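>>> sequence first, then the predicted structure, then my questions.
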Amino acid sequence: MLRKTLYARLELMKKVLVLSFLISSLILFLTPNPVLSIQTAIGDIDPDNLQSFTRSLLSIAFGVAGGVAFLLMLFGALQIMTSSGDPEKMKSGSELITSALTGLLFIIFSIFLLKLIGVTVLEIPGFGK
């Protein structure tokens with residue numbers, strides 16, 4: 001008996017949650033957005049201008065990826081320094097540094113390829129600025 005009432009309450013709560021989510025998302029999408037740009041901690045992002053939005057999104061993504069690669073290299077160096085001669089810890093630290101450098105090289109080459117394809121081959125206006 002207790003299980004049935006708990007199950008019924010859970011089903012009711014689930015329905016209320018779904019309904020409230022649908023109503024709030026409907027209100028969110030139907031109201032006009034007077035804000036011209038979104039202020040973030042990194043800078044202003046203009047969602048109406050696709051070129052500016054893509055440029056800022058890519059610069060943020062590449063910056064975060066480079067920062068993560070740098071932190072992984074620092075962590076790998078810390079592992080090597082604190083290994084106290086343990087060959088397994090030294091190997092894992094050097095593998096972490098190698099993986100971070102490989103990822104950083106992938107990021108650099110992807111930026112190069114994006115600029116090469118976007119500016120030279122496809123000549124997308126405003127892509128190279």
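Structure's in. What do you need?

>>> assign a three-state SS to Glu123, would you?
Glu123 carries the three-state label coil when classified by DSSP: H, G, I helix; E, B strand; the rest coil.

>>> now it. Its backbone dihedrals?
In this entry, Glu123 is assigned phi and psi values of phi 50, psi 50 (degrees, to the nearest 10).

>>> neighbours of it, how many?
Per other Cβ atoms under 10 Å, the neighbour tally for Glu123 reads 9. Bear in mind the C-beta positions are built from the backbone N, C-alpha and C, glycine included.

>>> so how far is Leu116 from it?
Remark: distance between Glu123 and Leu116 (Cβ to Cβ, to the nearest Å) = 12 Å.

>>> Leu58 too?
Leu58 is 15 Å from Leu116, by Cβ to Cβ.

>>> tell me, how many residues neighbour Gly93?
Around Gly93 there are 20 residues (other Cβ under 10 Å).

>>> I figured it was touching Pro87, is that so?
No. Gly93 is beyond contact range of Pro87, at 10.7 Å (criterion: Cβ atoms under 8 Å).

>>> low-confidence ranges in the chain?
1-2, 24-37, 42-43, 47, 50, 125-129 (pLDDT under 70).

>>> ranges for the helices of it?
2-30, 50-81, 87-115 (DSSP state H).

>>> now render those helices as JSON lines, adding distance to Asp44.
Shown next, in JSON lines, are the helices of the chain (distance: least, Cβ to Cβ, whole Å):
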{"stretch": "helix 2-30", "distance to Asp44": "21"}
{"stretch": "helix 50-81", "distance to Asp44": "8"}
{"stretch": "helix 87-115", "distance to Asp44": "22"}
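
>>> many thanks, we can stop here.
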